[in-house]
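Student: generate coordinates for the sequence data below:
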Amino acid sequence: MNDTSQRLAGRVAIVTGGGRGIGKRVALAYAREGADVAVVARSSEEIAQAAGEIEALGRKGLAIQADVCSPDDANRLVESALETLGKVDILFNAAGTRAVAPSEELPYEDWQRVIDTNLTGSFLCSQAVAGPMKQAGYGKIIMVGSMQAHSGAPFRAAYIASKTGLVGLTKGLGVEWARYGINVNMLSPGYHETDIILHQIKIGQLNLEAIKQRTPAARLGTMDDLTGPAVFLASSESDFMCGQSLIIDGGWMAYGFLQM
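Tutor: As a prediction, the model looks like this:
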């Protein structure tokens, strides 16, 4: 998807988890739409490559190695973006992880790791950009949820709890910061062609044919199916959206009919 209308021209974005998966694809989509982009992750090699691809698109790319679970790192990554790119208009909170295990066997360390990364990390980075965005009178903060933030699934208690927590965080920050011109909303993917989903299909944790049969659109979502809504939430087209979740799932959540 290369046709763009430069909807983010002159904007600066921070994308956490920007070295791979949804984060990287969204970072590149933002660059194609005219934004300079800081990509953040713990892996310096991945974000260096992502920043290089952003530069190849004619935009400024900045690689920031940081752990979103750390308050100091969250503040530092925002300060680095401000110092190098001049401002921060957009924050896309894509850093995330999961743990798959029977809930009665889930180690505490795995529970805490998932909550810290998915929920607390998104809060810390949002908190860190709030000051500069308030001062500018403008900002777009996008949480990355999941359709499982709105439903249940076995063996994924920590992941579901963290993503459901993001629904509440999105509403709480959204109504608190809207008066400052900051829009806080959430993108909730269903089953898409991400590295994680494709890996789970490969190792047998997910059944591709069952997913297709259960999904009204009868396919996995592509990454382009996610980048379009991600650009919309980062653009002025979503200026009157506050505390909302966009569920991009091919109709999975809407479908309630049992085929006999």
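Student: what segments of the stretch 151-260 of the chain are helices?
Tutor: Along the stretch 151-260 of the chain, the segments classed as helices by DSSP state H, counting those that start in this stretch run 157-177, 195-202, 208-214, 224-234.
Student: and those, which one averages the lowest pLDDT?
Tutor: Lowest mean pLDDT of those: helix 195-202, a mean of 90.
Student: how about that helix: buried residues?
Tutor: 196-197, 200-201 (16 or more other CB atoms under 10 Å). (C-beta placed from N, C-alpha, C; glycine too.)
Student: repeat for stretch 129-137
Tutor: Within stretch 129-137, judged by 16+ other CB under 10 Å, the buried ones are 129-130, 132-133.
Student: buried stuff in stretch 36-44?
Tutor: 36-41.
Student: can you lay out those residues as a markdown table showing secondary structure and pLDDT?
Tutor: Converted to a markdown table, these look like this (DSSP: H, G, I helix; E, B strand; the rest coil; pLDDT from 0 to 100):
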| residue | secondary structure | pLDDT |
| --- | --- | --- |
| 36 | strand | 98 |
| 37 | strand | 98 |
| 38 | strand | 98 |
| 39 | strand | 98 |
| 40 | strand | 98 |
| 41 | strand | 97 |
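Student: may I have the lowest-mean-pLDDT helix or strand in the chain as CSV, with CA atoms only?
Tutor: Between all helices and strands in the chain, the lowest mean by mean pLDDT, DSSP states H and E belongs to helix 195-202, at a mean of 90. Extracted as CSV, the C-alpha positions of helix 195-202 are listed here (Å, rounded to 0.1, in the frame of the first residue of the first chain):
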residue,chain,number,x,y,z
ASP,A,195,4.9,-12.7,13.2
ILE,A,196,3.3,-14.0,16.4
ILE,A,197,0.1,-15.3,14.8
LEU,A,198,2.0,-16.9,12.0
HIS,A,199,4.4,-18.6,14.4
GLN,A,200,1.5,-19.8,16.6
ILE,A,201,-0.1,-21.3,13.4
LYS,A,202,3.2,-22.9,12.5
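Student: now do that helix: which elements does it pack against?
Tutor: Packed against helix 195-202 by the contact rule (3 or more CB pairs under 8 Å, 6 or more residues apart in numbering; DSSP states H and E) you find no helix or strand.
Student: any idea how far it is from the chain center?
Tutor: Its chain's C-alpha centre and that of helix 195-202 lie 18 Å apart, by CA atoms, centre = their mean, to the nearest Å.
Student: looking at the buried residues of helix 195-202, which is nearest residue 83?
Tutor: Of all these, residue 83 sits closest to residue 196, with 32.8 Å by CB to CB.
Student: where do the strands sit along the stretch 51-200 of the chain?
Tutor: Along the stretch 51-200 of the chain, the stretches classed as strands by DSSP state E, counting those that start in this stretch are 61-65, 90-93, 139-144, 182-189.
Student: between the ones you listed, which one is nearest to residue 76?
Tutor: Across the strands of the stretch 51-200 of the chain, closest to residue 76 is strand 61-65 (CB to CB), at 8.0 Å.
Student: I appreciate the help and will end here.
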